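Visitor: coordinates only, no sequence provided:
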Ligand code: DON
């Protein structure tokens, strides 16, 4: 167990250790994402008493991509309740890639809300009368979670809309099985817009801390999420958040997390910390390569794994503030 170091020191040491790691490639299947600087790197941690510790390019904006999925799932649970949401999307890890064109053969539902199919089903549930109002509703919720104004990157949205034929195929497959309604373009606009939300690494850490803090933003003290559903969201993040890397993640890091192809990764240490990492070089499974390295390091140094030896992690983290 580490002793004299404080959280900022641990973040700085971890940042320095991985600053020059250059494994992985920036996502290029959405042309606009290929413009990201592969060397960008940031780590932020937010505590439950509202302190934020950062290193690197913490204020550099990037699109949230799949990190929007747990938040959209939370919105669906709040707006439709558990049973209605579950009738459209399951909670089983798929063991497949994020963009797999596959439904659970027993139910014809998407496996879970973290893979594209499930997230598109969720987008269909939370879209509103007009395309603009559905997107606005989601952005407003995310602004409360981040504690600042956020906007959509229109260039990324256009780029993904233009090239998103695989997601279109997934959506039509789900229309065929009655999982989503026939307003497929509206649903995809909702999904692509959610993915195109601009955030920075600090936002990710604050959003994660809002989930960890029973739904209340620890910086603004504003209640954001209905806490009765946060355990649903964290459970699905824990088992499915890193797609076909989810098992190894649970084994080695052991905290609920979600990655995005923009390079963001967010992890939630329940009742203790929110973690954000930004590094756009992705591994072969579409997860931030340095994001995984950093979370593994922080989990080891701070004893964050959910099944870490009795309370070493939590009492250590609490003693640091
Ligand atoms: O559906 C897509 O292709 C993207 N908008 C989001 C994918 C994503 O971030 C996958 N995560 N690692």
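Guide: Yep, that arrived. The structure presented is a predicted model; accordingly, all values stated were derived computationally and were not measured. Numbers count the residues shown, from 1 in each chain.

Visitor: show me which residues of the stretch 201-321 of the chain sit near the ligand.
Guide: By Cβ under 6 Å from any ligand atom, the residues of the stretch 201-321 of the chain that approach the ligand are 259-261, 286-287. In short, each C-beta sits where N, CA and C put it, glycine included.

Visitor: so which of these belong to strands?
Guide: Taking DSSP state E, the ones among these that sit in strands are residue 259.

Visitor: which of the residues of the stretch 201-321 of the chain next to the ligand ranks first by neighbour count?
Guide: Using other Cβ atoms under 10 Å as the neighbour test, these are led by residue 259, with 31 neighbours.

Visitor: contact partners for the nearest residue to it once chain neighbours are set aside?
Guide: Using Cβ to Cβ, 6 or more residues apart in numbering and skipping the chain neighbours, the partner closest in space to residue 259 is residue 287 (4.2 Å). Counting by Cβ atoms under 8 Å, 6 or more residues apart in numbering, residue 287 touches 242-243, 245, 259, 265.

Visitor: so what pLDDT did residue 287 get?
Guide: pLDDT, residue 287: 95.

Visitor: now it: how far from residue 249?
Guide: Residue 287 sits 8 Å away from residue 249, going by Cβ to Cβ, to the nearest Å.

Visitor: now do the shared contacts for these two.
Guide: Counting by Cβ under 8 Å, 6+ apart, the shared contacts of residue 287 and residue 249 are residue 242.

Visitor: hey, where'd the helices end up in the chain?
Guide: Remark: helices assigned in the chain by DSSP state H are 7-18, 69-80, 82-86, 116-126, 131-146, 154-163, 165-176, 184-195, 201-212, 230-240, 246-252, 289-302, 312-319.

Visitor: dump the ones you listed into a markdown table; add mean neighbour count and distance to residue 110 as well.
Guide: What follows is the helices of the chain, written out as a markdown table (neighbours: other Cβ atoms under 10 Å; distance: least, Cβ to Cβ, whole Å):
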| stretch | mean neighbour count | distance to residue 110 |
| --- | --- | --- |
| helix 7-18 | 17 | 34 |
| helix 69-80 | 24 | 11 |
| helix 82-86 | 14 | 11 |
| helix 116-126 | 27 | 4 |
| helix 131-146 | 18 | 19 |
| helix 154-163 | 17 | 19 |
| helix 165-176 | 17 | 7 |
| helix 184-195 | 23 | 12 |
| helix 201-212 | 28 | 22 |
| helix 230-240 | 21 | 11 |
| helix 246-252 | 17 | 15 |
| helix 289-302 | 23 | 24 |
| helix 312-319 | 16 | 33 |
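
Visitor: those: lowest mean pLDDT?
Guide: Looking at those, the bottom one is helix 312-319 with a mean of 58.

Visitor: touching, residue 109 and residue 89? I think so.
Guide: Yes. Counting by Cβ atoms under 8 Å, residue 109 touches residue 89, with 5.7 Å between them.

Visitor: check contacts around residue 36.
Guide: Applying Cβ under 8 Å, 6+ apart, we find residue 36 in contact with 26-27, 62, 262-263, 280.

Visitor: and what of residue 181?
Guide: Shown in contact with residue 181 (Cβ under 8 Å, 6+ apart): 124, 175, 187.

Visitor: now it: how far from residue 127?
Guide: As for residue 181, its distance to residue 127 is 9 Å (criterion: Cβ to Cβ).

Visitor: about what we covered before: got the contacts of residue 181 as JSON lines, with distance to residue 304 columns?
Guide: Shown next, in JSON lines, are these (distance: Cβ to Cβ, whole Å):
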{"residue": "124", "distance to residue 304": "35"}
{"residue": "175", "distance to residue 304": "41"}
{"residue": "187", "distance to residue 304": "36"}
